[in-house]
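Colleague: okay, sequence plus prediction incoming.
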Amino acid sequence: MTIPHHVAIVMDGNGRWARQRYLPRVAGHRQGVEALRRCVRACADRGIKVLTVFAFSSENWNRPQEEVSGLMDLLITALSGEVKPMHESGVRICFVGDRSRVSEKVRAGFAKAEQLTLTNQKITLNVCFNYGGRWDIAQAAQRVAARGQVITEDALNQEVATAHVSDPDLLIRTGGEFRISNFLLWQCAYSELYFSEKLWPDFDEAALDTALLAFAQRERRFGKTSEQVSNVAVAA
Ligand code: IPE
Ligand code: IPE
Ligand code: MG
């Protein structure tokens, strides 16, 4: 079975998971952290080398203040509790997004986690936080322009916030919504898209395997014909 090198996930549905249980939304986010921990391990076990997750979008600042501060508290808790065990499992952690709007404490936590896990090779976990696809393209273009270079596809590829990894092969969105919500707009040009009805806290190993099986059955053509890309040798 073809395993994707890079899987990206829009971890959606925490709020609904909580509401179904008459719990506050932040309880759903807390459960979302548990789901992420399990997912990182499952991806590593299956030989996936890069996992990029959407944890907080540039639009999520527009949520009620109570939820935003709950998410920031949860992030700080996760930075102090989750990083060390992940490090011990060989996870390289990278934070992707605009850091100018996060607190000094969070920024320091990001830097510490990145430094600690820098040379780990089992799997790379990119946590997109205060991330937006349009922000990413704009910041990449600004950096290319600031160097006086021409804005080409190659130049932007080198400056987007995920330049340290290849583009996602498989992009999963949980929570039953069929949209990208300003996630990796530039990078998902040729990703296989997979939408799951499962709410993120319920996205377990079986659900991951279902997504991976669907991916393995796709034919990625990259603009070519089916005959060109099929493994069956065709007489030239
Ligand atoms: C995704 O879950 C997590 C974040 C956006 C931080 P939601 O909070 O969007 O969950 P729903 O969509 O309301 O169920
Ligand atoms: C996308 O989910 C962002 C994250 C999962 C972090 P949202 O729940 O914010 O997406 P929309 O606004 O419903 O499209
Ligand atoms: Mg949502």
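Modeller: Yes, it's here. Ligands and ions are numbered 1, 2, ... in the order given.
Colleague: next, the residue in the chain positioned nearest to ligand 2: secondary structure please.
Modeller: Per CB to the nearest ligand atom, Ser181 is where the chain lies closest to ligand 2, at 3.6 Å. C-beta here means a position set from N, CA and C on the backbone, and glycine is covered the same way. What DSSP: H, G, I helix; E, B strand; the rest coil gives for Ser181 is coil.
Colleague: all numbers from here: first residue = 302
Modeller: Will do, 302 is the new start, and the previous item becomes Ser482.
Colleague: that one against Phe357, yeah?
Modeller: No: Ser482 is beyond contact range of Phe357, at 11.6 Å (criterion: CB atoms under 8 Å).
Colleague: give me the more crowded residue out of the two.
Modeller: Neighbour count, other CB atoms under 10 Å: between Ser482 and Phe357, Phe357 has more, with 21 against 14.
Colleague: so the residue in the chain positioned nearest to ligand 1, which of the three states?
Modeller: Of all residues in the chain, the one sitting closest to ligand 1 is Gly316 (2.5 Å; CB to the nearest ligand atom). The three-state label given to Gly316 by three-state DSSP is helix.
Colleague: the helix or strand where Arg393 lies packs against which elements?
Modeller: Arg393 belongs to strand 392-397 when assigned by DSSP states H and E. Strand 392-397 sits against helix 384-389, helix 405-418, strand 424-432, with contacts defined as 3 or more CB pairs under 8 Å, 6 or more residues apart in numbering; DSSP states H and E.
Colleague: for the shortest one, what is the distance to the chain centroid?
Modeller: The reference is to helix 384-389. 18 Å (CA atoms, centre = their mean, to the nearest Å).
Colleague: which positions in it come out as buried?
Modeller: Buried residues in helix 384-389, counting neighbours by 16 or more other CB atoms under 10 Å, are found at Val384, Met387.
Colleague: tell me the average confidence for stretch 475-494?
Modeller: Stretch 475-494 shows a mean pLDDT of 98.
Colleague: buried residues in it?
Modeller: Thr475, Gly476, Ile481, Asn483, Phe484, Leu485, Trp487, Gln488, Cys489, Ser492, Glu493.
Colleague: what about that stretch and ligand 1, touching?
Modeller: Yes: judged by CB under 6 Å from any ligand atom, stretch 475-494 and ligand 1 are in contact via Gly476.
Colleague: how long is that stretch end to end?
Modeller: Taking CA to CA, to the nearest Å, the first and last residues of stretch 475-494 lie 11 Å apart.
Colleague: what of stretch 466-476?
Modeller: This stretch, stretch 466-476, spans 26 Å end to end (CA to CA).
Colleague: just confirm yes or no for that stretch near ligand 2.
Modeller: No: residues of stretch 466-476 are not located near ligand 2 by CB under 6 Å from any ligand atom, the shortest gap being 7.2 Å.
Colleague: please apply the same query to stretch 434-441.
Modeller: No: using CB under 6 Å from any ligand atom, stretch 434-441 stays clear of ligand 2, with a minimum separation of 11.0 Å.
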